[in-house]
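[1] Sequence below, structure please.
(2 chains)
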Amino acid sequence: MIASFDAIAALDVIEVVLALCLTGSALVCLFDRHLVRACCFFLAFAVSMTLAWWQLGAPWLATAELLLGVMLTGPCFFYALGHLSPGASSPLKHDTFNEPWSRVAMRVVLALAWFVMVGAAIRYVIADMVYSPSEHPLLLAGVVIAASALGAFALHRHLLRRLLAFNILGSGVFMLLAGVAGTSAAAQALISVGLLVAWLGSMLGALLIRQLLHLEGVEALGRDGALKERTT
Amino acid sequence: MIWRFGLFDSTFEPLASTHWALLAALGLPLLLGLFAALFSPKRALPVALASLPVLASGVVLLAAFEQAGLLRWQWEIAGIHLSLRLNGLSVLLLLMTQVIGVAAALYTPGYLRLSETGPLARWLWPLMGVVLSALSLIWLATDLLTLYIALELMGLAAVGMLMLSGKVPAIVAGMRYLLLALVGSLTYLLGVALILGHWGRLDLQGLAEVIEPGPVAWFAAALIGAGLALKAALFPLHAWLTPVHENAWTPVSALHAALVIKASLFMLLQLWSILLPETFYAPRVIAWLGMLAIVWGGLLAWRTDSLKTLVASSTVAQLGYLMVAFPLLLGPDIAPLPRALAWEGFWLQLMGHAFAKAAMFMAAGNLILATGESTLKGLAGTSRRLPLSLLVFGIASITLMGLPPSAGFTAKWMLLQAMIITQQWWAVAALLTGTLLTAAYVFRMFRYSFDETAPRHRYQPLAPGMDMIALTLALIAFALGLLAHYPLELMHGGSP
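    The predicted structure follows:
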């Protein structure tokens, strides 16, 4: 009992709060069918990522996340929703596509398997991590976020939600990368490139979603799920 | 295996002229692409003049390699080490990229003039430039950070290129490709994170010295392998490939099928030869999947009604030949002779396929453009009116089938020899089955086109040179088989 209190006391309060913020906003962003709210929570998630990088002692990454994640990637989603073009009432409000139960069950199993695999890799394979997960709850948050984002990516058919899930998955992977490799110059360079790619990808995706909406309407955004897709 | 990729110290420093050639090879395609976006050339002649310095840079690098052997460049920027190397293999792949890239660029003005391409056509040039520059960087880079940057640049630009036609099916297919490619690169990044965390460095040469087999190497290899296999459309992660090609413009398809997916495969082999030297199971798994790919891709191509789907599905099968060679290249206890044969056969097959597939896509694009039909049945009667396009298609399919004297024949002969020496009878069977299936779908296409009873249609005349460019590429694939000794010598050059 005392040992567990000690363990809790050893944790940084700010980091615990940040980790909870990250996980909470990520889960809302991934699983809320109300698209505008999901995008708002993506912004909240990106802001907490900025603070998390600051907390981990990587001011350069915090700047990159603020610039690329909050200020550039976030508006891409609102553009896709049609909130940035003046005078247009957007048909994109809710995700109305329904998934059959078998699909949901499959994806939950996939996400759990991914979670166990990454967790086991961190626990047993990489013994000498720079930030140990028992001391840094941000890392635990990274594992949870990466697992649930992969599940959401495989589950959703709505293209905008898949794009959101990809971005959250990216942030989870960057967090894991920082946890495994520390915040050396090479790791920071890798993460910065990753952030840049995520922004460019989101921008391209948002443009395509607008184009699809313009040509075909909302139904076209879910057509992809009807086809067979695989995600490693 | 590692020395074959040129991961050792060089004897000579590169000369000043070599520095300039390197800069031109990496930067010029991008720069020319931007210029072309501003001026959007209407004829092939200015494109040909502009691409001369690009080809010249490749030739200068080839000469520099022949003179001095392996060359290395290293920089350190803000504590990050970046490094490039130039060995025989990377020179060959660089030249292949430049020739196919220039051919696609020459083909483009005529294609854009004849087909209704819409306002987005201008964007094709800079995207093509980015793809070619990034490909050149991938053949040369020897650290995981540069490889990641180049891979992402190439991937994003390729997605953009494939969707320029702006039709709904193209956008839906392209969006799926975009999402899968992005997730694939995150998987790759996670693998790189494990490597960086455990060994603390990203340069391949240093990693090759320190990496020892163990769970970390296996995990990293699995993650990197999964991500790159998704991007390379290796069976069973190939489902995105056909719909993407179905609606793309011809020069884009040619570039993508010939070069872009090969880059991921190149990286996969290079990184696995460092992470998993002498392992038994991982290359075996790839080989078994490769056998399935040969059969499944062949069946898909045989059953389809659309010409572009036929050409795209045959890519899945042809990648299978390369996958089948993995145990010979990476497996344990392979004698030096079969390993050398497999190494030569692998790259010759890759290059032969690249030239032949680019030629085939252009020939198919010409047929579709001239007839206005994209189905096999729509080709009826083309033998009388479009003999040259059909001839190009035929020469390209000789390489794909592996009939002598094409590059496909020489490559398969070497692979077969290596497989027989190491007694991998399953692989031999898969190779022979693949040849039969290729013949089946190619002759099915020719049966439709030689239908003499078809009514006469009005055909759109093609721009001058469109057939000749495709013919040149197909003949290069042929010549690679006849004159194989020179590229093969290059591949072994520069050994310590």
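[2] what sits against residue B:21?
    Residues near residue B:21 by Cβ atoms under 8 Å, 6 or more residues apart in numbering or on different chains: B:56, B:57, B:58, B:60, B:61, B:64. To be clear about C-beta, it is placed using only N, CA and C from the backbone, and glycine gets the same treatment.
[3] On the three-state scheme, the third one is what?
    Three-state assignment for residue B:58 (DSSP: H, G, I helix; E, B strand; the rest coil): helix.
[4] Hmm, it is touching residue B:94, no?
    Yes. Applying Cβ atoms under 8 Å as the test, residue B:58 and residue B:94 come out as touching, 5.7 Å apart.
[5] Any chance you could list residues touching both of these two?
    residue B:25.
[6] Can you point out the buried residues in whichever strand or helix holds residue B:37?
    Following DSSP states H and E, one finds residue B:37 within helix B:16-39. The neighbour-count check on helix B:16-39 (16 or more other Cβ atoms under 10 Å in any protein chain shown) flags B:18, B:21-22, B:24-26, B:28-30, B:32-33, B:35-37 as buried.
[7] what does stretch B:317-332 give?
    Buried positions in stretch B:317-332, judged by neighbour count with 16+ other Cβ under 10 Å: B:317-331.
[8] Stretch B:336-344 now?
    Here stretch B:336-344 shows B:338, B:339, B:340, B:341, B:342, B:343, B:344 as buried, counting by 16+ other Cβ under 10 Å.
[9] Tell me where the stretch 251-400 of chain B has strands.
    Using DSSP state E, counting those that start in this stretch, the stretch 251-400 of chain B contains no strands.
[10] State the distance from the most centrally placed residue in chain A to residue A:42.
    Geometric centre of chain A, nearest residue: residue A:168, 0.9 Å, by Cα atoms, centre = their mean. Separation of residue A:168 from residue A:42 (Cβ to Cβ, to the nearest Å): 7 Å.
[11] shared neighbours of these two, anything?
    residue A:29.
[12] Just the endpoints, please. Distance across stretch B:378-396?
    21 Å (Cα to Cα, to the nearest Å).
[13] what sits up against that stretch?
    Against stretch B:378-396 from outside (Cβ under 8 Å, 6+ apart): B:307, B:356-357, B:359-360, B:362-364, B:366-367, B:370-373, B:442, B:445-446, B:448-452, B:454-457, B:459, B:462, B:467, B:470-471, B:473-475, B:477-478.
[14] so what pLDDT did the residue of the stretch 301-450 of chain B found nearest chain A get?
    In the stretch 301-450 of chain B, the residue that lies nearest chain A is residue B:316 (13.9 Å; Cβ to the nearest Cβ). For residue B:316, the model assigns a pLDDT of 92.
[15] From residue B:233, how far out is it?
    7 Å.
[16] and those two? which has more neighbours close in?
    Ranked by neighbour count (other Cβ atoms under 10 Å in any protein chain shown), residue B:316 and residue B:233 place residue B:233 first, with 27 against 24.
[17] Not counting sequence-adjacent ones, nearest residue to that one?
    Closest residue to residue B:233 apart from its sequence neighbours, by Cβ to Cβ, 6 or more residues apart in numbering or on different chains: residue B:241 at 4.3 Å.
[18] can I assume the one you found is in contact with residue B:311?
    No. Counting by Cβ under 8 Å, residue B:241 does not reach residue B:311; the two are 10.9 Å apart.
[19] and these two? which has more neighbours close in?
    When residue B:241 and residue B:311 are compared for neighbours, residue B:311 comes out ahead with 28 against 23, by other Cβ under 10 Å.
[20] Spell out which residues of the stretch 1-150 of chain B are next to chain A.
    B:78, B:79, B:80, B:81, B:145, B:148, B:149 (Cβ under 8 Å from any Cβ of the partner chain).
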